[in-house]
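Enquirer: Sequence and predicted structure are below.
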Amino acid sequence: MQEALQKELALYEKRTPKSAEAHKKAQKRIPLGVASNYRAYDPYPIFVAEGHGSKIVDMDGNEYLDHNLCFGTLMAGHGHPAVVKAIQWALQNGTTFGMPHDMEAELAEEICARYPVEMVRFGSSGTEATMHACRIARAATGRDKILRFEGGYHGLHDTALVSVKPKEEDIGDINAPNSVPSGLGVIQAVLDNVTVATFNNLPSVENRFKQFPGQIAAIILEPIMMNVGICMPQPGFLEGLREICNKNGALLIFDEVKTGAKLCWGGASEYFGVKPDIITLAKSIGGGVPLAAFGAGRQVMDLIVQHKVFHGGTFNTNRFAMAAGLATFREVLTRENYAHVGKLSKKLAEGYRVILKKTGLKAYVAQAGVNGALMLYPQEILNYRDWMKIDVDLWRQFWFGMVNRGVLAMPYWWDEQWTVSVQHTEADIDKHLAVFEEVAPGLAKTQQERGAQIVGAAGH
Ligand SMILES: Cc1ncc(COP(=O)(O)O)c(C=O)c1O
């Protein structure tokens, strides 16, 4: 490990003793001391005391400019007044009934107005949304197999937990990647029904349809792969997938859990001009409250009407979620706000690029909508296998260096990206860039010292 990273880690430990203590206590009763594996990292995660607007404060009283925003869930920022008001209303008027109420249809209208779907059902997590999307696609086509892309992330149900971050020794041929379970408990029958292709590689998709004629129900993907930093679809890729689906009678699922609310007003279909058959939404649509949805055209959703596909959930459409969702769609995810926040995100990306040039750090910045990422790789990555070559310890020097100076530049993990919220300001972006300007020369120095050596990313 480079000396500069060791120094940053020592400083981190000096600044955050209460987080260390809290983590130790939590580990006694909670595996890894955290509620989601993604929150565990060495030496220990920051434990949060509070969050307001664009900032959070940890248990030691250190303040951070927050571009983690709960893994991109808070385009609204912390405690957006419209969301707070909606939640207070729900608290005072009944939070959950297990019975219908009229906010459900209102929120469904909001969603159908901006995404290319005619009917929606709600849930609480992205995992639920992609699980139901895959099931209804299987039902609609009478086929069992789902095609997904190596390195993509779609949540935690079994179909989704295939080839998320496979190890190099397991991945196989780039044109026909192996279906690799992302942990024990994902059974062979699941692996047999999830076939894997390579992002930005249409021949690898076509091969799968040739290999399994009439057997693939759907292709599921994030239109921008955001589980490897930011990996943009190359021109023609999404259109090509649309064509392949049309030709083969398969459905196209856009997993818009991240992109749906953060790319632009109408999500990826508006941004790229390609229409999927099914979309999934979660994260930022709830303004910080657990809310998810999946939607499709009437023909597909009619399978629920006919009681052929089952969907339910005790907490579906609880009024925290519905009230917060309505407030978020109407007062946060507006065209004006997308213009404002998009401008801030662009300013951040351009600022990073100027600093990269100045310091000679070999990296690039990818940005789309309110998301962006510093990619510690000299040329644009096109798929998961490119991303595996990112220098992890250099990234850790970046992340801890920023954190020690009060900026959570992105969630911990080099496969993530920044989010800018509607509560971030120009001054926040200036601060972020000033801190990066301080950290970047050290990164360039480490990179030079390590020469052309690229240290592979094992994933998490
Ligand atoms: C693209 C994508 N799909 C699905 C999920 C799963 O969402 P959740 O964590 O709400 O279950 C995530 C979560 O990060 C995601 O990024």
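Expert: Now that the structure is in, tell me what you want to look at.
Enquirer: How far off centre is stretch 181-192?
Expert: 23 Å (C-alpha atoms, centre = their mean, to the nearest Å).
Enquirer: what's the neighbour count on the residue in the stretch 1-150 of the chain positioned nearest to the ligand?
Expert: Per C-beta to the nearest ligand atom, residue 126 is where the stretch 1-150 of the chain lies closest to the ligand, at 2.2 Å. To be clear about C-beta, it is placed using only N, CA and C from the backbone, and glycine gets the same treatment. Residue 126: 28 surrounding residues under other C-beta atoms under 10 Å.
Enquirer: Next up, the contacts around it.
Expert: 154-155, 255, 257, 280, 282-283, 292 (C-beta atoms under 8 Å, 6 or more residues apart in numbering).
Enquirer: Kindly report the same for residue 239.
Expert: Neighbouring residues of residue 239 by C-beta under 8 Å, 6+ apart: residue 274.
Enquirer: what pLDDT does it get?
Expert: pLDDT recorded at residue 239 is 98.
Enquirer: That one and residue 380: what is the separation?
Expert: 19 Å (C-beta to C-beta, to the nearest Å).
Enquirer: Over to residue 265?
Expert: Per C-beta to C-beta, residue 265 is found 26 Å from residue 380.
Enquirer: What of residue 294?
Expert: Distance, residue 294 to residue 380, by C-beta to C-beta: 31 Å.
Enquirer: okay, those two: which has more neighbours?
Expert: With neighbours defined as other C-beta under 10 Å, residue 294 and residue 380 compare such that residue 294 has more, 31 against 13.
Enquirer: my guess is that one meets residue 137, correct?
Expert: No - Residue 294 is beyond contact range of residue 137, at 10.1 Å (criterion: C-beta atoms under 8 Å).
Enquirer: what touches both of the two?
Expert: residue 278.
Enquirer: any idea how far the ligand is from the most centrally placed residue in the chain?
Expert: Geometric centre of the chain, nearest residue: residue 258, 4.5 Å, by C-alpha atoms, centre = their mean. Distance from residue 258 to the ligand, counting by C-beta to the nearest ligand atom, to the nearest Å: 5 Å.
Enquirer: cool, residue 208 as well?
Expert: Residue 208 sits 21 Å away from the ligand, taking C-beta to the nearest ligand atom as the criterion.
Enquirer: Moving C-terminal from the strand or helix carrying that residue, which element do we reach first?
Expert: Secondary structure from DSSP states H and E places residue 208 in helix 202-211. Using DSSP H and E, the helix or strand that follows helix 202-211 in sequence is strand 216-221.
Enquirer: That following strand pairs with which strands, and in what direction?
Expert: According to DSSP bridges, strand 216-221 forms sheet pairs with strand 145-149 (parallel), strand 251-255 (parallel).
Enquirer: Mind putting those into a markdown table with mean pLDDT?
Expert: Converted to a markdown table, the strands paired with strand 216-221 look like this (pLDDT from 0 to 100):
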| stretch | mean pLDDT |
| --- | --- |
| strand 145-149 | 98 |
| strand 251-255 | 98 |
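Enquirer: can you list those in a markdown table and add mean neighbour count?
Expert: Converted to a markdown table, the strands paired with strand 216-221 look like this (neighbours: other C-beta atoms under 10 Å):
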| stretch | mean neighbour count |
| --- | --- |
| strand 145-149 | 26 |
| strand 251-255 | 28 |
